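1. Based on what follows, work out the 3D shape:
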Amino acid sequence: MKNNLRPGERLDELHRNGYKIIQNENKFCFGMDAVLLSGFANVKEEEIVLDMGTGTGIVPILLAGKTKGKHFIGLEIQSASADMARRSVIYNHLEERISIVEGDIKEAGTLFKPASFDVITSNPPYMTGSHGLVNPDMEKAIARHEICCTLEDVISQAARLLRVGGRFYLVHRPFRLAEIIHMLVEYKLEPKRIKFVHPFVDKEPNMVLIESVRGAKSRITVEKPLIVYQKQGVYTDEIYDIYGY
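-> All right, here's what the predicted structure looks like:
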């Protein structure tokens, strides 16, 4: 497989079942948020999972390594990322458990049957058009800013594709939490678990993980926060466990 890497690509170790992932160092590479999402999501035996905006396939590959889910589908709009994801699936011999579909999140409801998934995950673009500087590299800009899809697109399509009782797992930024919860409730995805992620114990959170359930009753559990670093450059034990070190 190493000889089949495209120019600028590399093969990164995932520290999980010997799995590796193909990434392009000049393009958008996965970050900690995707890894934390895979650790937060609860996938049971024989469940069918969709990852919306899968990028290079990091979340399906990690979930395939951590859980007994039956099948994982990664939906990705960018051709180059989808191609890397497919080649990573082949490299890890996961073709029977993971499928990569190139397509638009806004059209997910027509690409797949309604109420056909037990679990949906998403690490969507965090920034609206008015937030922050837009990267001049369009592939990076699409991954970070709501250019190809909005938060409402992600949530509305998740609501359409989840079975009643199905679970939606989202990682996002705390500054949009009020908007996120309002929209989840509007689309009958009731927030059930929230976990804030802090870079250090004395710093405010910079990520939030949310589990919501389609058609559930209202009740939220705010879980113990996740602290990333014990001190500068040293992860906490919980982070090492999530990464599989």
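
2. C-terminal to the lengthiest helix in the chain, what's the next element?
-> Counting by DSSP state H, the longest helix found in the chain is helix 79-91. Per DSSP states H and E, the first helix or strand lying C-terminal to helix 79-91 is strand 98-102.

3. If you count contacts, what does that following strand end up packed against?
-> Where contact means 3 or more Cβ pairs under 8 Å, 6 or more residues apart in numbering; DSSP states H and E, strand 98-102 is packed against helix 58-66, strand 71-76, helix 79-91. The way it works is simple: take the backbone N, C-alpha and C, and place the C-beta from them, glycine included.

4. can you put the ones you listed in a markdown table and add distance to Phe40 and mean pLDDT?
-> Output for the helices and strands packed on strand 98-102, formatted as a markdown table (distance: least, Cβ to Cβ, whole Å; pLDDT from 0 to 100):
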| stretch | distance to Phe40 | mean pLDDT |
| --- | --- | --- |
| helix 58-66 | 11 | 98 |
| strand 71-76 | 16 | 98 |
| helix 79-91 | 21 | 97 |
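
5. nearest to Ala159, of these?
-> strand 71-76 (15.3 Å; Cβ to Cβ).

6. quick one: least confident helix or strand in the chain?
-> helix 138-144 (a mean of 49; mean pLDDT, DSSP states H and E).

7. Would you mind identifying the next helix or strand past that helix?
-> helix 151-161.

8. coming back round to it: buried sites along the longest helix of the chain?
-> Residues of helix 79-91 classed as buried: Ser81, Ala82, Asp83, Met84, Ala85, Arg86, Arg87, Ser88, Val89, Tyr91 (neighbour count, 16 or more other Cβ atoms under 10 Å).

9. OK, contacts around the second one?
-> With contact taken as Cβ atoms under 8 Å, 6 or more residues apart in numbering, Ala82 is in contact with Thr54, Gly74, Glu76, Ile100, Val101, Glu102.

10. any low-confidence regions in the protein?
-> In the predicted model of the chain, residues 1-3, 127-147 satisfy pLDDT under 70.

11. ranges for the strands of it?
-> 9-13, 20-24, 48-52, 71-76, 98-102, 117-122, 162-172, 189-198, 207-214, 221-222, 226-227, 229-231, 234-235 (DSSP state E).

12. Save those as a markdown table, and put in mean neighbour count and distance to Ala64 too.
-> Compiled in a markdown table, the strands of the chain are given as follows (neighbours: other Cβ atoms under 10 Å; distance: least, Cβ to Cβ, whole Å):
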| stretch | mean neighbour count | distance to Ala64 |
| --- | --- | --- |
| strand 9-13 | 14 | 16 |
| strand 20-24 | 21 | 12 |
| strand 48-52 | 26 | 9 |
| strand 71-76 | 24 | 6 |
| strand 98-102 | 20 | 6 |
| strand 117-122 | 25 | 12 |
| strand 162-172 | 22 | 15 |
| strand 189-198 | 20 | 22 |
| strand 207-214 | 22 | 20 |
| strand 221-222 | 10 | 27 |
| strand 226-227 | 20 | 23 |
| strand 229-231 | 12 | 28 |
| strand 234-235 | 14 | 23 |
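
13. want to throw those strands into a markdown table with distance to Gly109?
-> Formatted as a markdown table, the strands of the chain follow (distance: least, Cβ to Cβ, whole Å):
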| stretch | distance to Gly109 |
| --- | --- |
| strand 9-13 | 33 |
| strand 20-24 | 28 |
| strand 48-52 | 11 |
| strand 71-76 | 11 |
| strand 98-102 | 13 |
| strand 117-122 | 11 |
| strand 162-172 | 11 |
| strand 189-198 | 14 |
| strand 207-214 | 14 |
| strand 221-222 | 29 |
| strand 226-227 | 32 |
| strand 229-231 | 40 |
| strand 234-235 | 39 |
